[in-house]
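Student: Test case, fold it:
(2 chains)
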Amino acid sequence: MTDVPSPLVGVPPLDVRHLTVAYHGVIALDDVSVAIPPHAVTGIVGPNGAGKTTFLHAVMGLLPYQGGEIAVWGDTVGQARRRIAYVPQREVVDWAFPITVEEVVMMGRYTPQRIARKPNAADRDAARSALAQVGMEAFARRQIGTLSGGQQQRVFIARALAQQAALLILDEPFTGIDAASQETIFHLLTDLRTEGRTVLLSTHDLSSIRTHCDYVLCLNRRVIAFGPAATTFRIEVLERTYGGRLFHLHGDEGMILS
Amino acid sequence: MIAFASLWGDYASVLGREFFQHAVIASVLIGALCGVVGTFVVLKGYAFIGDALAHASFPGVAVAYILGTNILGGALVAGLVTSGMIGWVSRNRRINNDTAIGVLFAGMFALGVMIISRLQSYRKDLSSLLFGNILGVSQADLITIAVIGAIVIACVVIFYHELLLNAFDPTYAAALGYRTWAMDFLLLTLLTLTIVVGLQAVGNVLVVAMIVTPSAAARLLTDRVPTMMMLGALIGAASGVIGLFASYPAELAPGATIVIVATLFFFLVLLFSPRQGYIPAWLAHRRRDGSRNAVPSISSSLTEQPHTDTLS
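Tutor: Numbering: from 1, shown residues only, chains lettered A, B, ... in the order given. Take a look at the predicted model:
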């Protein structure tokens, strides 16, 4: 697959300026400004309620925001929808739904510009090669609930690839997934970055940030820090992000980071 | 033997009568339509909304009945007005969707009963409206049922992928730029049309069972949506015909009997379905327990455990 759209050079895939989101008068995101770099894996960390999911949903145009601007390669979210692909949190998917792996991946080919349209040969080719890229082609006819957690996550990544998106947004992709599967998925995401895509994911797994992410965004309603993972991901930054609670909860991480 | 012969005689005589032929055709058409639409109602989790829409269409039925106009038209108007009102009332943040439905469905239903209670023949009229009157289906009714059914099925076929996407992953649909409220409204409109047609067979109170129950049984038999629609249609049509034939000699209410047959189908499948039935699962479990002592198996613990819990 060398069909990654390569839009304007020098324009960040995602440029967020002064984004403010409030639910029922409570501020969820306060004046968030960040430019996500191209061809990189960026991890978003922060405590529960820090606004990680809110940030991702705002970027995909799924919720209204009170202030600020979001540009995707210089376009509005509405203009850029086909270039952004979303991999949902595992908990929001009904895994018992009577749908096969290939039907899920085929949904990446749907577009509101062409409703009431049957998938054609090109769509089937795109779905098949997306499945091959994540190593799941042998499971095409399986019902999604019969797969392991890691395999399910790969199927949803394949859906994003079938969409031929250049920006992949993954909400907590590693929740409920074993370490080996997490490793497989990170390798897949690194490959996607190498072929020119941009990956943005939220995670609770702090130990994987330095090993697998190029950039890190520490979020707690505001931007606490943003930069290359190797230099930004320091203990004092994490303490500010998690408000000092971190090291009671994640004793091991302190050693990895220091 | 004598009882059997006289039963056969009953059927032979009634099958030649036009009203019974109409009833058989109507129950097949309505059962099949309900099974197809019910598939998406079950997958989207709209069973309660369906019940609410059916009850809420009642004042429309009542007004049309008193005015002597087409009952189907009255039900359609009331159903669509209510679906719009549910959306409007639940825009108040203190009232969630569920509460809005609860308030409106009971209120609209009471309004219908109040309107009907003005009539002299209150009890008789009320019961035929509430529980259906499939033995009174006319040729004109049959044509209406067939036309509305054809429109609904055509919409399901044309918008199959959109209905599937919105049932499975509405967040992804919204991220792709679909207007999910429009997709919800499409399903609610198809549901309302199906309710309006189903009223003829089983009435206001029971119509949701015709829509949900055959599809719920079909859901237990397959993991494919197209197969589920076909099985739902088959079970719905079979329930209609079997219920009609079972009710006639015993002089049971045909609408209720049809629903009972569908419910029996559901429980039979729930217990005996080869894939997900409780009894085959229990037998398999017992067999596994027995063999575990003889041949210890570690192969299953080496592979990742499949994810089997369900979110509903």
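Student: what about A:Ala225, is that helix, strand or coil?
Tutor: Secondary structure assignment for A:Ala225 (DSSP: H, G, I helix; E, B strand; the rest coil): strand.
Student: show me what contacts it?
Tutor: Shown in contact with A:Ala225 (C-beta atoms under 8 Å, 6 or more residues apart in numbering or on different chains): A:216-218, A:232, A:237, A:240-241. Any C-beta I mention is one placed from the backbone N, CA and C, and that applies to glycine too.
Student: which residues does residue 52 contact?
Tutor: Chain wasn't specified; assuming chain A. Contacts of A:Lys52 (C-beta under 8 Å, 6+ apart): A:44-46, A:171-172, A:202, A:219.
Student: please go with chain B instead
Tutor: Neighbours of B:Ala52 in contact, by C-beta under 8 Å, 6+ apart: B:82, B:86, B:101-102, B:104-105.
Student: What of B:Ser239?
Tutor: B:31, B:210, B:213-214, B:258-259, B:261-262, B:265.
Student: Swap in 10 Å and give it another go.
Tutor: Applying C-beta atoms under 10 Å, 6 or more residues apart in numbering or on different chains to B:Ser239 gives the contacts B:27, B:31, B:34-35, B:202, B:209-210, B:213-214, B:217, B:257-266.
Student: List the single closest residue to it in space, sequence neighbours excluded.
Tutor: Distances taken as C-beta to C-beta, 6 or more residues apart in numbering or on different chains place B:Ala262 nearest to B:Ser239, at 3.8 Å, with adjacent residues excluded.
Student: That neighbour should be in a helix, yeah?
Tutor: Yes. According to three-state DSSP, B:Ala262 belongs to a helix.
Student: these two touch, right, it and B:Gly240?
Tutor: Yes. With contacts counted by C-beta atoms under 10 Å, B:Ala262 reaches B:Gly240, the gap being 8.4 Å.
Student: hey, where'd the helices end up in the stretch 51-200 of chain B?
Tutor: Under the criterion DSSP state H, counting those that start in this stretch, helices of the stretch 51-200 of chain B are mapped to B:58-67, B:71-89, B:97-116, B:122-131, B:139-158, B:160-168, B:170-175, B:180-219.
Student: what about the first one, average pLDDT?
Tutor: What that stands for is helix B:58-67. Averaged over helix B:58-67, pLDDT sits at 88.
Student: who touches that helix?
Tutor: Applying C-beta under 10 Å, 6+ apart, the contact partners of helix B:58-67 are B:69-82, B:105, B:107-119, B:125-126, B:128-130, B:196, B:199, B:203-205.
Student: rewinding a little: now the buried members of the contacts of A:Ala225.
Tutor: A:216-218, A:232, A:237, A:241 (16 or more other C-beta atoms under 10 Å in any protein chain shown).
Student: Throw these into JSON lines and include distance to B:Ala23 and secondary structure, thanks.
Tutor: As requested, the buried ones among the contacts of A:Ala225 are exported to JSON lines (distance: C-beta to C-beta, whole Å; DSSP: H, G, I helix; E, B strand; the rest coil):
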{"residue": "A:Val216", "distance to B:Ala23": "69", "secondary structure": "strand"}
{"residue": "A:Leu217", "distance to B:Ala23": "66", "secondary structure": "strand"}
{"residue": "A:Cys218", "distance to B:Ala23": "69", "secondary structure": "strand"}
{"residue": "A:Thr232", "distance to B:Ala23": "74", "secondary structure": "helix"}
{"residue": "A:Val237", "distance to B:Ala23": "75", "secondary structure": "helix"}
{"residue": "A:Thr241", "distance to B:Ala23": "70", "secondary structure": "helix"}
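Student: Rebuild these as JSON lines, extending it with distance to A:Ala140 and pLDDT.
Tutor: Shown next, in JSON lines, are these (distance: C-beta to C-beta, whole Å; pLDDT from 0 to 100):
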{"residue": "A:Val216", "distance to A:Ala140": "35", "pLDDT": "94"}
{"residue": "A:Leu217", "distance to A:Ala140": "35", "pLDDT": "96"}
{"residue": "A:Cys218", "distance to A:Ala140": "39", "pLDDT": "94"}
{"residue": "A:Thr232", "distance to A:Ala140": "40", "pLDDT": "88"}
{"residue": "A:Val237", "distance to A:Ala140": "44", "pLDDT": "87"}
{"residue": "A:Thr241", "distance to A:Ala140": "41", "pLDDT": "89"}
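Student: thinking again about what came up before, could you give the number of residues near the residue nearest to B:Ser239?
Tutor: Counted with other C-beta atoms under 10 Å in any protein chain shown, residues neighbouring B:Ala262 total 30.
Student: how about the one residue sitting closest to the centre of chain B, what does it touch?
Tutor: For chain B, B:Ile211 is the residue whose C-alpha lies nearest the centre (C-alpha atoms, centre = their mean; 0.6 Å). Counting by C-beta under 10 Å, 6+ apart, B:Ile211 touches B:30, B:33-39, B:41-42, B:46-47, B:50-51, B:53-54, B:191, B:194-195, B:198, B:202, B:232, B:236, B:262.
Student: So which residues of the stretch 201-312 of chain B form helices?
Tutor: Counting by DSSP H, counting those that start in this stretch, the helices of the stretch 201-312 of chain B are B:225-250, B:254-272, B:278-294, B:299-302.
Student: ok and the second one relative to helix B:180-219, angle-wise?
Tutor: What that stands for is helix B:254-272. With axes from the mean of the first three to the mean of the last three C-alpha atoms, to 10 degrees defining the directions, helix B:254-272 sits at 70 degrees from helix B:180-219.
Student: same check, this time on the third one
Tutor: For helix B:278-294 against helix B:180-219, the angle by the same axes, to 10 degrees is 70 degrees.
Student: Tell me how far A:Pro13 lies from chain B.
Tutor: In this view, A:Pro13 and chain B are 16 Å apart by C-beta to the nearest C-beta, to the nearest Å.
Student: can you list residues touching both of B:Ala262 and B:Gly240?
Tutor: Counting by C-beta under 10 Å, 6+ apart, the common neighbours of B:Ala262 and B:Gly240 are B:31, B:34-35, B:202, B:210, B:214.
Student: Quick check: nearest residue in space to A:Met60, chain neighbours excluded?
Tutor: B:Ala175 (4.7 Å).
Student: my bad, A:Gln79
Tutor: Using C-beta to C-beta, 6+ apart and skipping the chain neighbours, the partner closest in space to A:Gln79 is A:Val72 (7.7 Å).
Student: Poorly predicted segments of the stretch 1-150 of chain B, please.
Tutor: Scanning the stretch 1-150 of chain B for pLDDT under 70 picks out B:1-4.
Student: repeat that with 50
Tutor: Residues of the stretch 1-150 of chain B meeting the criterion pLDDT under 50: none.
Student: Quick check: residues of it near chain A?
Tutor: B:39, B:42-43, B:45, B:93 (C-beta under 10 Å from any C-beta of the partner chain).
Student: Closest to A:Gly61 out of those residues?
Tutor: Among these, B:Arg93 lies closest to A:Gly61 (C-beta to C-beta), at 21.7 Å.
Student: from memory that closest one sits against A:His24, does it?
Tutor: Yes. With contacts counted by C-beta under 10 Å, B:Arg93 reaches A:His24, the gap being 6.9 Å.
Student: Please spell out which residues along stretch B:73-85 are buried.
Tutor: Going by neighbour count (16+ other C-beta under 10 Å), the buried part of stretch B:73-85 is B:74-83, B:85.
Student: nearest to A:Val59, of those residues?
Tutor: Of all the buried residues of stretch B:73-85, B:Ser83 has the smallest distance to A:Val59: 32.1 Å, by C-beta to C-beta.
Student: Might you report the residue contacts of the closest one?
Tutor: B:Ser83 sits in contact with B:49, B:52-53, B:56, B:101, B:104, B:184-185, B:188-189, B:191-192, where contact means C-beta under 10 Å, 6+ apart.
Student: Can you turn the buried subset of these into a selection I can paste into PyMOL?
Tutor: Entered in PyMOL, the line below selects the buried ones among the contacts of B:Ser83, by 16+ other C-beta under 10 Å:
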select buried, chain B and resi 49+52+53+56+101+104+184+188+189+191+192
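Student: May I see the contacts of B:Ser83 organised as a markdown table, with distance to A:Thr211 added?
Tutor: Listed next are the contacts of B:Ser83 as a markdown table, based on distance: C-beta to C-beta, whole Å:
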| residue | distance to A:Thr211 |
| --- | --- |
| B:Ile49 | 48 |
| B:Ala52 | 52 |
| B:Leu53 | 54 |
| B:Ala56 | 57 |
| B:Ile101 | 50 |
| B:Leu104 | 55 |
| B:Asp184 | 43 |
| B:Phe185 | 47 |
| B:Leu188 | 49 |
| B:Thr189 | 52 |
| B:Leu191 | 50 |
| B:Thr192 | 55 |
